[in-house]
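Participant: Whatever this is, show me its structure:
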Amino acid sequence: MSDSIFRKDGTAQGVAKQRLIESLAKPDQRVIYDPNADKFVAGAGIIKLMGHRFSVWLTKKFAPGFHEHLISRTRFIDDLVQNAAAQGVEQYVILGAGYDLRAHRLNLPPTLEIFEVDQQEVQNRKRSKLPSNVPNLENVKYVSVDFNHQSLKKQLLEAGFDQSKSAIFTLEGVSQYISKEAVNSTLEELAELTKNTSATFYISYVDSQLQTDPAACFGTGYPHPEKKAKTIMNLAAKVGEPWISFYSAEEIKEVLSQYGFSLMEDKTLVDFNSEYFAPIGRKLLDSEILNLEHSVRAERKKLTTTPKLH
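Facilitator: Numbers count the residues shown, from 1 in each chain. As a prediction, this is how the structure comes out:
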């Protein structure tokens, strides 16, 4: 693989910021809860003073639905991982883990082996900020990979990944920053790692319509959708993480199928709006729906023969 799936911590901080904001909501009005998100956010004290409602209001001034999109993506993966663990999945691999804290904030069984994969410098920064009393600390294995010189498969196997055990892999908020060849290469290695067992794979992707018809990626009446799309992409580029890869629903389905994964769910904020926000009285208007990114769950059953990899 020629380019890394691991980034600097600019976007990792941004996602942690939204987890912090959501965690400030009242228990019966929040979608997710992360008690340690503040450790990874610059200016966390100011955000706490502003509180949940005002912080969400400010985010809406930047881009309506932006906060809800990131939080609902987090919730979808939370549920996916917890359900997989409850059904007996034995290993969890977090690709490009950044400041992900699922290993510690979700009530995961101690029998679930967790592998966090990222660049060494990001992992060092994370571990230096992580409180020593968080749950499940001893059950996490940190796997450092330099994809310019190392194989993901080799590094995971050396860290103790068991090819005879079932696994769930998550690649959250990464595919738009890396080449399609890098995504294919990652899937090929995951297929090899799980050829003797079953696996679940989560990936998020940015809709290719963002380039051809930006308005189609927003709800009806969304204010200046083309301008908002450009603003979000420009901000990503300014922190050194430009969006370079976009997918259609059919393309992502085909890519997954090529490596033996069947697409089971493909959801956006439209779906999450009714599933997560409506039940707690926070349903978004159509004019606040930001549908730039999709969340996908794919499954790979135990095979009797090895698929042809390209």
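Participant: Tell me where the stretch 151-300 of the chain has helices.
Facilitator: For the stretch 151-300 of the chain, applying DSSP state H, counting those that start in this stretch gives helices covering 152-158, 180-193, 209-212, 225-238, 249-258, 269-272.
Participant: Least reliable of the ones you listed by average pLDDT, please.
Facilitator: When those are ranked by mean pLDDT, helix 225-238 comes last with a mean of 90.
Participant: Could you pull out the buried residues of it?
Facilitator: For helix 225-238, the neighbour count (16 or more other Cβ atoms under 10 Å) marks 225, 228-229, 232-233, 236 as buried. For glycine as for every other residue, the C-beta is placed from the backbone atoms N, C-alpha and C.
Participant: ok, back up a step: as a markdown table, the helices of the stretch 151-300 of the chain with distance to residue 290 would be great.
Facilitator: Shown next, in a markdown table, are the helices of the stretch 151-300 of the chain (distance: least, Cβ to Cβ, whole Å):
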| stretch | distance to residue 290 |
| --- | --- |
| helix 152-158 | 31 |
| helix 180-193 | 23 |
| helix 209-212 | 11 |
| helix 225-238 | 8 |
| helix 249-258 | 17 |
| helix 269-272 | 6 |
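Participant: right, and the ones you listed - which one's nearest residue 35?
Facilitator: helix 269-272 (22.5 Å; Cβ to Cβ).
Participant: on contacts alone, who are the packing partners of that closest one?
Facilitator: helix 66-86 (3 or more Cβ pairs under 8 Å, 6 or more residues apart in numbering; DSSP states H and E).
Participant: Please repeat the previous calculation with a cut-off of 10 Å.
Facilitator: If contacts are counted by 3 or more Cβ pairs under 10 Å, 6 or more residues apart in numbering; DSSP states H and E, helix 269-272 sits against helix 66-86, strand 293-300.
Participant: Run through who's touching that helix.
Facilitator: Helix 269-272 is contacted by residues 31, 65-66, 68-73, 75-76, 218-219, 265, 276-278, 284, 286, 288-295 when judged by Cβ atoms under 10 Å, 6 or more residues apart in numbering.
Participant: Tell me where this protein is predicted with low confidence.
Facilitator: 1-9, 147-149, 303-310 (pLDDT under 70).
Participant: May I have the beta-bridge partners of residue 92?
Facilitator: residue 114, residue 168 (DSSP bridges).
Participant: Next, count neighbours for it.
Facilitator: 24 (other Cβ atoms under 10 Å).
Participant: That one contacts residue 116, doesn't it?
Facilitator: Yes. Using Cβ atoms under 10 Å, residue 92 makes contact with residue 116 at a distance of 9.2 Å.
Participant: where's residue 90 relative to residue 109, distance?
Facilitator: Distance, residue 90 to residue 109, using Cβ to Cβ, to the nearest Å: 10 Å.
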